[in-house]
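1. need a structure here:
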Amino acid sequence: MPKVATRLNDTQIKRAKASDKNYELSDGEGLILRVLTSGTKSWIFRYSPPYTKKRTNISFGTYPLITLKEARQLREEARTLLAKNIDPKEHKKQAEAFEISEAQNTFRLVAQKWFEIKKTTVTEGYAEDLWSSLENHLFPRLGDRAIRDLTAPLVIEVMQPLAARGVYEQIRRLCQRVNEIMTYAVNTGIIHANPLAGIKSAFQSPKRNHMNTIEPERLPELLERLNRASIKYTTRCLIEWQLHTLCRPSEAACAKWSEIDFENEIWTIPAERMKARKEHKIPLTKQSLHLLELMKPISAHLEYVFPADRNPRTHTNPQTANAALKRMGFQNILVAHGLRALGSTILNEKGFDPDLIESALAHTDKNEVRRAYNRAQYLARRREMMEWWSEHLVQNF
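-> As a prediction, the model looks like this:
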């Protein structure tokens, strides 16, 4: 009969003293207590790995941090793995790698990786709005959590303060962005499934409203209020720039001097800053060029035409015009984006070619065939229309 190893006990382990050489005490079935010359007592499990059968060891830690009872439990777990042809040492390495990966893949870090790709597909202004929404509403409580630990109840709880304020459109956008991040995590193998897929159903759906604008007959009122408004000079020029060029608020706020061709009187907005990801050229009228002359003493030495107050090296906030319109008495009546709708209405009423107007607004033709063949920007004809529009604004000032 094979010799049965004598089991260790706590008294024996405590009495084991250091010697001039390392020695071992066996608990049987591969579990060994190794006593070092320094007095350190380490638990070792000696086994033959599957397939190679070459004897090797795996450490379970030191005594008394790992008790005899705990060491025996670790031995049984290792023996269970071996019965399934799994090497305990390799299993431990994989588990440690998993824990390291989990710690590194926090929601914030995964979101940053996703954002590096996302920002190449949207405009600069939209990318800034997107990232700031995550920083303001999600990262404070979720940023340092492992993305594997995110659950629907947790994320819904974090968004509840927004629901209490009734900003359901903001919640809708956050739900969409969170799910894009989670989908990225699934596709890159960080997580196996997205547990947040249905979180938007926990909130009331936002009401769909068109951008607030005013009737054409109120244009003189708008211009008169703008003329006497107590707002910063740069903001006044920014709003007038939006009116004369019919560009979007983010396109106006991010305008760069390098994009202005003074010789040919054209403003070229690069594709990466356009909603449709297509370069857009705007013919500049004498009134538009005059606004640039007014801004030159303020920002000609800077990158952006309309610099931010606190940090002139960057552009003004795309919401600056909206804030000014509210102070002018147009809250819930007119937003900066609505200036485009106002211009479109007036130009259509005056009988200008709808294709010219849509081209001026950088709208994408919904008819795919027309979009493929009708790529003309009508610059010469658009210049005539924009000159009429600028004159119309001056006449109503």
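
2. how about low-confidence regions in the stretch 51-200 of the chain?
-> Scanning the stretch 51-200 of the chain with the threshold set as pLDDT under 70 gives 98-103.

3. can you pull out the helices in the stretch 1-150 of the chain?
-> Counting by DSSP state H, counting those that start in this stretch, one finds helices in the stretch 1-150 of the chain at the ranges 10-15, 68-83, 88-104, 107-118, 124-137, 139-142.

4. the following helix or strand past the shortest one to helix 124-137, inter-axis angle?
-> Elements were assigned by DSSP states H and E; along the chain past helix 139-142, the next helix or strand is helix 152-165. Here helix 152-165 runs at an angle of 100 degrees relative to helix 124-137 (axes from the mean of the first three to the mean of the last three C-alpha atoms, to 10 degrees).

5. report all helices and strands that helix 152-165 contacts.
-> Helices and strands touching helix 152-165, by 3 or more C-beta pairs under 8 Å, 6 or more residues apart in numbering; DSSP states H and E, are helix 124-137, helix 139-142, helix 168-187. For the C-beta atoms, the positions are set from N, CA and C on the backbone; glycine is no exception.

6. spatially nearest residue to the residue most central in space within the chain (excluding sequence neighbours)?
-> Against the mean C-alpha coordinate of the chain, by C-alpha atoms, centre = their mean, the closest residue is residue 131 at 4.1 Å. Take residue 131 and drop its neighbours on the chain: the residue closest to it by C-beta to C-beta, 6 or more residues apart in numbering is residue 115, 6.1 Å away.

7. same question for residue 184.
-> Nearest residue to residue 184, sequence neighbours excluded (C-beta to C-beta, 6+ apart): residue 114, at 4.2 Å.

8. do I have it right that that neighbour meets residue 187?
-> No: shown here, residue 114 and residue 187 do not form a contact pair, counting by C-beta atoms under 8 Å, at 9.9 Å.

9. neighbour-wise, which of those two wins?
-> When neighbours are counted by other C-beta atoms under 10 Å, residue 114 and residue 187 differ, and residue 114 comes out ahead with 19 against 11.

10. roughly how far does that one sit from residue 186?
-> Distance, residue 114 to residue 186, by C-beta to C-beta, to the nearest Å: 11 Å.

11. domain ranges for this structure?
-> What automatic domain parsing lists as the domains of the chain is 10-91, 107-202, 216-395.

12. next, format the ones you listed as a markdown table and append distance to residue 97.
-> Listed next are these as a markdown table, based on distance: least, C-beta to C-beta, whole Å:
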| stretch | distance to residue 97 |
| --- | --- |
| domain 10-91 | 10 |
| domain 107-202 | 13 |
| domain 216-395 | 38 |
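
13. in contact with the residue nearest to residue 184, which residues?
-> Residue 114 makes contacts with 180, 181, 184, 185, as judged by C-beta atoms under 8 Å, 6 or more residues apart in numbering.

14. quick check: the third one touching residue 113?
-> Yes: counting by C-beta under 8 Å, a contact exists between residue 184 and residue 113, whose distance comes to 7.2 Å.

15. these two: who's more crowded?
-> Using other C-beta under 10 Å as the criterion, residue 184 and residue 113 rank with residue 184 on top: 20 against 15.

16. can you give me the end-to-end span of stretch 236-253?
-> This stretch, stretch 236-253, spans 12 Å end to end (C-alpha to C-alpha, to the nearest Å).

17. what does stretch 252-269 give?
-> End-to-end distance for stretch 252-269, by C-alpha to C-alpha: 10 Å.

18. ditto for stretch 137-153
-> Length of stretch 137-153, first residue to last, C-alpha to C-alpha: 16 Å.

19. buried sites along that stretch?
-> Residues 137, 138, 139, 142, 146, 147, 148, 150 are the ones in stretch 137-153 that count as buried (16 or more other C-beta atoms under 10 Å).

20. then stretch 71-80?
-> Across stretch 71-80, burial judged by 16+ other C-beta under 10 Å covers 71, 72, 74, 75, 78.

21. and residue 267, which helix or strand is it part of?
-> Counting by DSSP H and E, residue 267 is found in strand 266-269.

22. quick one: strands adjacent to that strand?
-> Using DSSP bridges, strand 266-269 pairs in its sheet with strand 260-261 (antiparallel), strand 280-283 (antiparallel).

23. re the thing from before, out of the buried residues of stretch 137-153, who's nearest residue 258?
-> Nearest to residue 258 among the buried residues of stretch 137-153: residue 139, at 32.9 Å, using C-beta to C-beta.

24. isn't that closest one up against residue 106?
-> No: using C-beta under 8 Å, residue 139 is not in contact with residue 106, being 9.7 Å away.

25. tell me the phi and psi of residue 359?
-> Dihedral pair for residue 359: phi -70, psi -40, per degrees, to the nearest 10.

26. what's the burial count for it?
-> 22.

27. and for residue 96?
-> For residue 96, the neighbour count with other C-beta under 10 Å is 10.

28. and residue 312, by the same measure?
-> Counted with other C-beta under 10 Å, the neighbours of residue 312 add up to 16.
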